[in-house]
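A.B. asks: build me a structure from this.
(3 chains)
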Amino acid sequence: MYILNELVERVGGQLIGDGTRIIRSLATLEDAGPEQLSFFANPRYLKQLRASRAGAVLVQEKMSGDVSGAAILVADPYLAYAQLSQLFDWRAGPVPGIHASAVVHPSAQVHPTAEIAAQVVIGERAIIEADTYIGPNTVIGRDCRIGEASRLEASVVLYPDVWLGERVIVHSGSVLGADGFGFARHQQRWVKIYQSGGVRIGDDVEIGAGVTIDRGALSPTRIERGVKLDNQIQIAHNVVIGEDSAIAGCTGIAGSTRIGKRCTLAGMVGVTGHLQIADDTHITAMSLVSKSINTPGAYSSGTGLEPHQQWKRNVVRFRQLDELAKRVRSIELTQADKTE
Amino acid sequence: MYILNELVERVGGQLIGDGTRIIRSLATLEDAGPEQLSFFANPRYLKQLRASRAGAVLVQEKMSGDVSGAAILVADPYLAYAQLSQLFDWRAGPVPGIHASAVVHPSAQVHPTAEIAAQVVIGERAIIEADTYIGPNTVIGRDCRIGEASRLEASVVLYPDVWLGERVIVHSGSVLGADGFGFARHQQRWVKIYQSGGVRIGDDVEIGAGVTIDRGALSPTRIERGVKLDNQIQIAHNVVIGEDSAIAGCTGIAGSTRIGKRCTLAGMVGVTGHLQIADDTHITAMSLVSKSINTPGAYSSGTGLEPHQQWKRNVVRFRQLDELAKRVRSIELTQADKTE
Amino acid sequence: MYILNELVERVGGQLIGDGTRIIRSLATLEDAGPEQLSFFANPRYLKQLRASRAGAVLVQEKMSGDVSGAAILVADPYLAYAQLSQLFDWRAGPVPGIHASAVVHPSAQVHPTAEIAAQVVIGERAIIEADTYIGPNTVIGRDCRIGEASRLEASVVLYPDVWLGERVIVHSGSVLGADGFGFARHQQRWVKIYQSGGVRIGDDVEIGAGVTIDRGALSPTRIERGVKLDNQIQIAHNVVIGEDSAIAGCTGIAGSTRIGKRCTLAGMVGVTGHLQIADDTHITAMSLVSKSINTPGAYSSGTGLEPHQQWKRNVVRFRQLDELAKRVRSIELTQADKTE
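C.D. replies: Model prediction:
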């Protein structure tokens, strides 16, 4: 629970209205009541802004006339909303201590301010720094390191030799450090290449639920500072993802590819192995990247959605496309011939 | 173990043969022996029907002449098979009680008829209704509610504030209620938007293995009554999936999209964010839906499979397709010109 | 720690240099120091080979002149590296015994040489053979069988009636034996078909992290000897994958499809249900296979990546492709007409 004045201070905005008003939570313009704060960041919701019963709204100055209750004027209302969202979060800070049911190896170092929840298993020589939270049923392998104020939710698995920086968040079901997919062929069978590289995760990285990040073959797989990964992403061995890149759900990146800084990959993108992707590259949903990208910009592959019957006819034509192009060339030549 | 008469009663069919025959399990036409029941639902298997050694077969009346053993005549043999399949299922009903190794918060309410398996962790104020089964190593966060006769298999994770209706099934490795992928950009970095909406799952929903359903940003993500989700599906924050829709494996749905009722999405479909998909829409495998769909029907994107070398030539032509179309237009104009 | 002579013996190569040199680990040509072994398998790295400080390098005979330190001459350096990789692996063999926190049903048979880690749950009548390792928090359902020298990492789930052969590896977060996605339609709702077939995994299969392999509807789903599955693969009910096939990450295979032997499926491939894929078939990344393949070879679908603005124009043309092809045909007819 906060009073408006406290929230205004946090975001550095200008208040129009009563600063002693109590705010208990955040809500959408439509759902917010008199004790809730909302925000207006998308012009599409102007109607909802005008009709909102919110106790206060984060808006740009130019919109102040459209707010009926209190308003906090800020340059970027969406950013201000993000900044305040942590205040109202359901997560409590870690409650220091190790649950009686957790199994912690005697050689592991767990900082006294860390919270180790029920049924956690921590391996030899693992280091768990201050103010960390390790959720129920999470398994931390030997020689792992968890940096300060990091948070691992329930049922995360860290194989041995996975290091996390500070303020890293890992959501449930994610697996860091499983073997990369490496095999040599021998007489029509596959010989396993045991993977000895670890995983290195920079500060302020967030990893969604059900993500897999494989350990490197010989040197580590690296996720650099500030990278944000959505759910069910697959990162193969020896991939490097550059600082502040963000990747949406279900995307997969094959081995040894290097993604640059500040890249965005939309959902279900595939990137094949051993590529270099330039900084500030953006890939749209469900595109396949099978060559290196040297020039920043937006890239796509695939076709657009269409009614199934129409699509079937076009797909048949796609299979004949090279032939069609040759026929057009031939027509052009014939036409040119006659014109001469 | 049942006698045929019991099974006939269950499906409301008509028996041809000895109703006291014992049936111990279900099997395919090919594998079934004298104490097994099979079904004939696909004309492709007529040969197998005629050769089957099954103790009895569920068939439509018109096929009764092709059955050598007993036959149960029903209007829809596949449906009758589905209805009987539960009788022979390997799942026992819940064995009431809480395993000694489970960690249940004192403020949680667990109905005395519920079975809480080994190593389960249940948080504050969670409510577990009658006849539920909570499998080994599953984690249920605080303020969750599990409706009557629901079944959570091993190693499921429910974050705080996830509500399940009645008769909901959640398979192993699924994670409900992780943070939605929400960030505001600030000086080339990402500021996390803490996600406070929960997840609401209706009655009779089934969720496959390795599924992720994120909590909403402010209001909950909603899966309505009767929805069936296959494995490894990703549902982003604030998605709504309408009643009785069914979604196949590996499909991903981005934030705030609303899928209508009775829709079917095949495997590996991608749906981008903030879309509206009409009731009774059907999307074929690996299609990308990037615009709202207002008209029910079947939709597709992508190209068909072809030999790799041929495909490579066509892909090159696809990149020139706009230019090719312009050339065709130009030819047409020239031709028209000459004809005049 | 090994001396070079020991390693030479293992791979059957010929040594140039001092056989008593100590090797402590494997490393890339770039990272290796005097106590590390490297390998040269890719001509692209010739510069790194010449500059390498590695204590020894696995090379083909023809490259021996480019090695400054010791060299082990072998026919296939990549294979030799694979064969030696296990020697330096971080995994210790199983430490026999059952952790005090594990919950093992009294009717389960656990071989005395097996290691059962912390918080493991093993169901009724499960059989765990010699020299197996069952990682922390893994759940093994009743009537499962784990063959000799198999290794299940942390947080694996095996539903009842899943059998693994010998030397099988299953990585964390994988779920074997969840219900196949089977429903009959009835009055616009879905009736669950309870899935009673199990899962059968052959010898020497490796299963990556976050993989789901559903149990069969009536008979088992089958993964044959030597198959290698990368992370986040989805295998639906009653699929059969033939010996020595290898499948890369995020690929999904729908129900009852049979993949042949020695096939390779690249990442994010989709295969629809009830298909037959011939032995020695290869599918490139993100292709959709929606028809059976009878002829071995390489197959693809999709379009290539291109700048987003250009792609948008081509996508519009793709929707008109059938019409474009008809227009070309019409032009050809007109032209032919005039030529006559």
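
A.B. asks: how about low-confidence regions in chain A?
C.D. replies: Residues of chain A meeting the criterion pLDDT under 70: A:339-340.

A.B. asks: can you list the domain ranges for it.
C.D. replies: Following automatic domain parsing, one gets these domains for chain A: A:2-88, A:97-299, A:308-339.

A.B. asks: pick the most buried one from those.
C.D. replies: Each of these was scored by mean neighbour count; the highest is domain A:97-299, a mean of 23, by mean count of other C-beta atoms under 10 Å in any protein chain shown. Heads up, the C-betas are built off the backbone N, CA and C, glycines and all.

A.B. asks: end to end on that domain, go ahead and measure it.
C.D. replies: 49 Å (C-alpha to C-alpha, to the nearest Å).

A.B. asks: so that domain, near chain B or not?
C.D. replies: Yes - Domain A:97-299 lies within reach of chain B by C-beta under 8 Å from any C-beta of the partner chain, at A:99, A:101, A:117-119, A:135-137, A:153-155, A:169, A:171-173, A:206, A:208-210, A:226, A:228, A:230-232, A:244, A:246, A:248-250, A:262, A:266-268, A:285-286.

A.B. asks: on that earlier part again, closest one to C:V11 among the domains of chain A?
C.D. replies: In terms of C-beta to C-beta, the element of the domains of chain A nearest to C:V11 is domain A:97-299, at 11.3 Å.

A.B. asks: one step back: the domains of chain A into TSV, with extra columns for distance to chain C?
C.D. replies: Below are the domains of chain A laid out as TSV (distance: least, C-beta to the nearest C-beta, whole Å):
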stretch	distance to chain C
domain A:2-88	23
domain A:97-299	4
domain A:308-339	4
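
A.B. asks: and C:R24, which of those is closest to it?
C.D. replies: Nearest to C:R24 among these is domain A:97-299 (11.5 Å), distances taken as C-beta to C-beta.

A.B. asks: which ones are touching the residue positioned nearest the centre of chain A?
C.D. replies: Geometric centre of chain A, nearest residue: A:L229, 2.4 Å, by C-alpha atoms, centre = their mean. By C-beta atoms under 8 Å, 6 or more residues apart in numbering or on different chains, A:L229 lies in contact with A:V205, A:E206, A:I207, A:G208, A:V211, A:I223, A:I235, A:A246, A:I247.

A.B. asks: keep only those of those residues that are in helices.
C.D. replies: Among the contacts of A:L229, no member is found in helices (DSSP state H).

A.B. asks: inside strands: which ones of those residues?
C.D. replies: A:E206, A:I207, A:I223, A:I235, A:A246, A:I247 (DSSP state E).

A.B. asks: what's across from the third one in the sheet?
C.D. replies: It refers to A:I223. Applying DSSP bridges to A:I223 gives these bridge partners: A:I201, A:I241.

A.B. asks: that one reaches A:D203, doesn't it?
C.D. replies: No - at 10.6 Å, A:I223 does not count as touching A:D203 under the criterion of C-beta atoms under 8 Å.

A.B. asks: show me the contacts for the nearest residue to A:H186 once chain neighbours are set aside.
C.D. replies: Of all residues not flanking A:H186 in the chain, C:L79 sits nearest, at 5.4 Å (C-beta to C-beta, 6 or more residues apart in numbering or on different chains). Residues near C:L79 by C-beta under 8 Å, 6+ apart: A:A184, A:R185, A:H186, A:V191.

A.B. asks: how about the residues you listed in a markdown table, adding secondary structure and distance to A:G302?
C.D. replies: Conversion of these to a markdown table gives the following (DSSP: H, G, I helix; E, B strand; the rest coil; distance: C-beta to C-beta, whole Å):
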| residue | secondary structure | distance to A:G302 |
| --- | --- | --- |
| A:A184 | strand | 34 |
| A:R185 | strand | 32 |
| A:H186 | strand | 37 |
| A:V191 | strand | 36 |
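
A.B. asks: determine which two of the residues you listed are furthest apart.
C.D. replies: Pairwise distances across these peak at 7.6 Å for A:R185 and A:V191 (criterion: C-beta to C-beta).

A.B. asks: helices of the stretch 51-200 of chain A, start to end?
C.D. replies: For the stretch 51-200 of chain A, helices defined by DSSP state H, counting those that start in this stretch occupy the ranges A:77-85.

A.B. asks: does stretch A:32-44 reach chain B?
C.D. replies: No - Stretch A:32-44 is not in contact with chain B by C-beta under 8 Å from any C-beta; minimum separation 8.5 Å.

A.B. asks: how long is that stretch end to end?
C.D. replies: Using C-alpha to C-alpha, the two ends of stretch A:32-44 sit 17 Å apart.

A.B. asks: kindly report the same for stretch A:70-89.
C.D. replies: End-to-end distance for stretch A:70-89: 22 Å, by C-alpha to C-alpha.

A.B. asks: could you give the angle of the helix ranked longest in chain A to helix C:321-339?
C.D. replies: Longest helix of chain A, by residue count under DSSP H: helix A:321-339. For helix A:321-339 against helix C:321-339, the angle by axes from the mean of the first three to the mean of the last three C-alpha atoms, to 10 degrees is 30 degrees.

A.B. asks: helices and strands around helix A:321-339, which ones?
C.D. replies: helix B:308-319, helix B:321-339, helix C:321-339 (3 or more C-beta pairs under 8 Å, 6 or more residues apart in numbering or on different chains; DSSP states H and E).

A.B. asks: got CSV for those, with distance to B:A278 too?
C.D. replies: Below are the helices and strands packed on helix A:321-339 laid out as CSV (distance: least, C-beta to C-beta, whole Å):
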stretch, distance to B:A278
helix B:308-319, 29
helix B:321-339, 29
helix C:321-339, 25
